[in-house]
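Student: Task: produce atomic coordinates for the following.
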Amino acid sequence: MSTLDSPPSAVVTGKPAEKTTPRLPGTRRPSARRGEIGRGGALASHGILIVASVVALFPVAWLVFLSLGPDKDDYLRPSGIWGKMTLDNYAFVLQNTNFFDWLKSSLIVSLGTTVIGVLVAATTGYAVSRMRFPGYKKFMWVLLVTQMFPVAVLIVPMYQILSDLQLIDTYFGLILVYCSTAVPYCAWLMKGYFDTIPFEIDEAGRVDGLSPFGTFVRLILPLAKPGLAVAAFYSFITAFGEVAFATTFMLDDEKYTLAVGLQSFVSEHDAQRNLMAATAVLIAIPVSAFFYLVQKNLVAGLTAGGTKG
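Tutor: Residues are numbered from 1 along each chain as shown. Reported below is the predicted structural model:
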């Protein structure tokens with residue numbers, strides 16, 4: 001075809017013009033590509049997310065609001081708090097209670113449970129994922145069965161065991177109790193995450209002369225940081241917010257955890273709800289800080305840990 005027969009665009013650019021199919025009158029435009037959503041769908045999804053955010057944030061905002069009321073009965077008339085907001089509740093909790101002793105106890109127990117629980121869970125999950133010893137499948141199911149017993153059933157035998165070991169009213173005894181709750185779930189989680197790591201990495205470590213433990217520490221654990229973050233977060237939260245075991249096994253009020261110390265504001269005939277609200281806000285600060293430290297790996301760890309059983 002000569003240049004005289006070519007469209008003007010082809011003459012100017014020197015490239016053949018693209019063929020276009022004219023749209024006939026009355027025909028519909030092509031639908032959106034797969035995976036794309038229209039404007040209505042985008043508005044609906046954003047609306048749902050906004051509603052979900054409001055539902056999630058409202059209890060927190062309400063708790064902070066009640067903590068600013070000076071009277072214990074302000075929760076009955078919340079509209080009256082606006083004209084008399086104060087930080088006196090926080091000052092009272094920090095200066096006139098054993099808050100810092102409770103915080104110290106909670107951090108000791110929670111961090112101890114996190115370190116010991118993640119260590120045991122990681123080694124257990126790795127062993128079951130990589131080694132084939134007699135009864136390894138039944139072993140994991142036994143761990144799962146331990147999660148089926150309610151706290152009320154476990155308190156009495158655990159108290160007897162800790163009493164025989166002279167671990168009543170000790171941090172280490174409470175850490176062991178919390179590990180019995182956190183380790184089974186974390187072991188299942190870590191086993192699923194280790195299953196996603198190629199076995200060829202273990203073989204490469206053996207070829208380089210590493211021992212099985214050296215391969216686990218130097219090659220596998222760095223790749224398992226997201227799973228370890230999830231296990232650490234679960235262990236920390238389990239120990240930080242538990243009440244029943246801490247109330248039963250800790251007898252000294254200076255060794256109370258924050259969750260137990262919060263109950264000191266409630267008596268048989270009275271409840272200082274303004275102080276409870278202020279203490280609850282203060283309790284949330286360490287948990288929020290710990291969540292901030294591990295949140296980068298939480299989503300990846302939860303997703304990968306659930307891909308294989």
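
Student: pretty sure L68 contacts D88?
Tutor: No - contact between L68 and D88 fails when scored by CB atoms under 8 Å: they sit 9.2 Å apart. For glycine as for every other residue, the C-beta is placed from the backbone atoms N, C-alpha and C.

Student: So for the two, which residue has more residues nearby?
Tutor: L68 (20 against 14; other CB atoms under 10 Å).

Student: what residues are up against the more buried one?
Tutor: 81, 85-87, 89 (CB atoms under 8 Å, 6 or more residues apart in numbering).

Student: Please apply the same query to T124.
Tutor: Per CB under 8 Å, 6+ apart, neighbours of T124: 143, 183, 187, 190-191.

Student: And for P59?
Tutor: Contact criterion CB under 8 Å, 6+ apart gives no residues in contact with P59.

Student: isn't there a helix covering it?
Tutor: Yes - counting by DSSP: H, G, I helix; E, B strand; the rest coil, P59 is part of a helix.

Student: who does whichever strand or helix holds I285 touch, helix- and strand-wise?
Tutor: Element membership for I285, per DSSP states H and E: helix 273-305. If you count contacts as 3 or more CB pairs under 8 Å, 6 or more residues apart in numbering; DSSP states H and E, helix 273-305 packs onto helix 39-67, helix 88-96, helix 99-130, helix 171-194, helix 225-240, helix 258-261.

Student: Turn the ones you listed into CSV, including mean pLDDT and distance to K296.
Tutor: As requested, the helices and strands packed on helix 273-305 are exported to CSV (pLDDT from 0 to 100; distance: least, CB to CB, whole Å):
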stretch, mean pLDDT, distance to K296
helix 39-67, 89, 20
helix 88-96, 90, 30
helix 99-130, 92, 17
helix 171-194, 90, 16
helix 225-240, 89, 8
helix 258-261, 86, 26
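
Student: So for V294, which of these sits nearest?
Tutor: Closest to V294 of those, according to CB to CB: helix 225-240, at 4.2 Å.

Student: Could you pull out the buried residues of the following helix or strand past that closest one?
Tutor: Helices and strands here follow DSSP H and E; after helix 225-240, the next one along the chain is helix 244-249. The neighbour-count check on helix 244-249 (16 or more other CB atoms under 10 Å) flags 245-246, 248-249 as buried.

Student: Closest to L119 out of the residues you listed?
Tutor: Of the buried residues of helix 244-249, the one sitting nearest to L119 (CB to CB) turns out to be F245, at 20.7 Å.

Student: now that closest one: how far from A229?
Tutor: Distance, F245 to A229, using CB to CB, to the nearest Å: 25 Å.

Student: ok, the buried residues of helix 244-249 vs V54, which is closest?
Tutor: V54 has its nearest neighbour among the buried residues of helix 244-249 in A246, at 33.2 Å by CB to CB.

Student: is it true that that closest one touches G173?
Tutor: No - using CB under 8 Å, A246 is not in contact with G173; the gap is 10.8 Å.

Student: Now do the contacts for S105.
Tutor: Per CB under 8 Å, 6+ apart, neighbours of S105: 171, 250, 254-258.

Student: Only C-alpha atoms, please: export stretch 207-214 in CSV.
Tutor: Extracted C-alpha coordinates of stretch 207-214, given in CSV (Å, rounded to 0.1, in the frame of the first residue of the first chain):
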residue,chain,number,x,y,z
VAL,A,207,26.5,-30.1,52.9
ASP,A,208,28.2,-27.0,54.3
GLY,A,209,29.0,-28.9,57.5
LEU,A,210,26.3,-27.5,59.8
SER,A,211,24.8,-29.7,62.5
PRO,A,212,21.0,-30.1,62.5
PHE,A,213,20.8,-27.5,65.3
GLY,A,214,23.2,-25.2,63.5
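
Student: pLDDT (mean, whole number) over that stretch?
Tutor: Mean pLDDT, computed over stretch 207-214, is 85.

Student: What are the buried residues along it?
Tutor: L210.

Student: Next, count neighbours for M250.
Tutor: Neighbours of M250 (other CB under 10 Å): 21.

Student: Please name the residues that touch it.
Tutor: 105, 169, 174, 256-257, 260.

Student: Thanks again, I'm all set now.
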